[in-house]
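J.: Mind folding the following:
(one chain, ligands or ions: 1)
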Amino acid sequence: MTPILHHYPPSLFSEKIRALFGYLKLPWQSVIIPPIMPRPYLMPLSGGYRKTPIMQIGANVYCDTEIIARRLAELAGDETLFAHGFAAERVARWADTELFRTTVTLNFREEALAAQMSQMSQAEVEAFQQDRAELSGGAPIVAGDPAAAEAYFLSLMESLEDSLQHEFLLGERPSIADFSLYHCLWFVAGNEANAELLAPWSGVRAYMGRMKSFGHGEFTEIAPEEALRIGTDAAPVLPDDAAVDARLAKDLEAGSAVAVAANDYGRNAITGELVSWNSREIVISRRDETAGAVMVHFPSTGFDVTQA
Ligand SMILES: N[C@@H](CCC(=O)N[C@@H](CS)C(=O)NCC(=O)O)C(=O)O
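T.: Take a look at the predicted model:
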């Protein structure tokens with residue numbers, strides 16, 4: 001079954017996955033979702049998970065790019081993306097969290113804000129701000145100081161420029177670390193004012209060009225209703241290695257009613273029955289009144305599982 005990506009064009013985490021589709025040469029289907037809630041055709045599939053992107057394969061739904069990337073590597077039979085193990089995974093995680101927050105903070109520099117907001121109406125700006133305040137549970141979206149973020153970014157770029165001894169971060173082939181780093185740099189480059197921060201670093205820009213050249217692969221556009229119909233008609237597929245690791249689950253076991261929630265932002269809980277939990281993946285099964293039986297997959301890092 002062809003993977004379906006629910007995403008919107010300016011979403012940087014979606015760019016990580018679009019680039020992976022290109023690199024892994026996997027055909028996919030694209031559903032463009034609105035950049036803010038509500039997303040009525042997607043929530044029956046995801047059970048309420050509200051970050052972007054979400055990948056769907058039939059009635060199996062993958063939340064968070066970490067688990068999406070692993071599934072795509074498996075589908076493509078690729079053994080190199082995660083070959084560097086801990087080193088690449090930790091750099092990827094650093095980029096997806098700390099570097100991501102820094103690049104978002106850069107967007108709050110006065111000149112960057114002006115460049116971004118000039119493309120939006122006042123009503124769109126207000127709706128966007130309200131949506132993101134809900135996403136972060138009322139906390140400010142950006143806790144950092146934009147000037148400090150600019151200084152930090154400059155130091156990072158200097159160090160990256162010096163470290164790029166190979167085609168990619170860890171060698172002549174890209175690893176997952178490259179895709180996580182790239183989507184953050186792509187986001188910086190996408191804002192006219194922030195793009196100037198990349199201008200001094202020709203090595204970094206050449207590296208970005210190599211990542212960009214993978215493209216987005218071959219995809220067809222489908223409607224959100226169609227994706228929901230595909231999910232409704234399909235039966236979820238149990239992962240081959242499904243098992244609950246008692247060291248992680250403690251008092252919970254297969255079949256326990258659980259709530260899974262991101263532990264940073266967009267923390268709303270997704271409830272279901274525990275199917276599998278190992279050091280990489282958490283899987284729950286749910287019955288939705290619209291979508292029927294679905295299985296929802298999360299990475300083990302960054303999500304908390306509690307008894308529902
Ligand atoms: N850890 C998540 C982060 C995803 C994320 O923060 N995505 C942003 C968009 S790039 C988001 O969800 N924004 C709010 C929204 O789209 O509703 C992942 O790797 O997928």
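J.: Kindly report the residues of the stretch 101-250 of the chain close to the ligand.
T.: Contact residues, the stretch 101-250 of the chain versus the ligand (C-beta under 6 Å from any ligand atom): Leu135. Yep, even glycine has a C-beta here, placed from its N, CA and C like the rest.
J.: hey, where'd the strands end up in the stretch 101-250 of the chain?
T.: Ranges of strands in the stretch 101-250 of the chain, per DSSP state E, counting those that start in this stretch, are 219-221.
J.: so who does the closest residue to the ligand within it touch?
T.: Nearest residue of the stretch 101-250 of the chain to the ligand (C-beta to the nearest ligand atom) works out as Leu135 at 5.3 Å. With contacts defined as C-beta atoms under 8 Å, 6 or more residues apart in numbering, the neighbours of Leu135 are 50-51, 141, 265-266.
J.: quick one: contacts for the most centrally placed residue in the chain?
T.: Nearest to the geometric centre of the chain sits Thr65, at 3.4 Å (C-alpha atoms, centre = their mean). Contacts were defined as C-beta under 8 Å, 6+ apart; by that measure Thr65 touches 13, 16-17, 53, 96, 180.
J.: For the residues you listed, could you give me TSV that also reports secondary structure, neighbour count and pLDDT?
T.: Shown next, in TSV, are the contacts of Thr65 (DSSP: H, G, I helix; E, B strand; the rest coil; neighbours: other C-beta atoms under 10 Å; pLDDT from 0 to 100):
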residue	secondary structure	neighbour count	pLDDT
Phe13	helix	21	98
Lys16	helix	26	98
Ile17	helix	26	99
Pro53	coil	22	98
Asp96	helix	24	98
Ser180	helix	26	98
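J.: Show me what counts as buried in the longest helix along the chain.
T.: Scanning the chain for the helix with the most residues, using DSSP state H, yields helix 146-163. Judged by neighbour count (16 or more other C-beta atoms under 10 Å), helix 146-163 contains these buried residues: 146, 149-150, 152-153, 156-157, 160.
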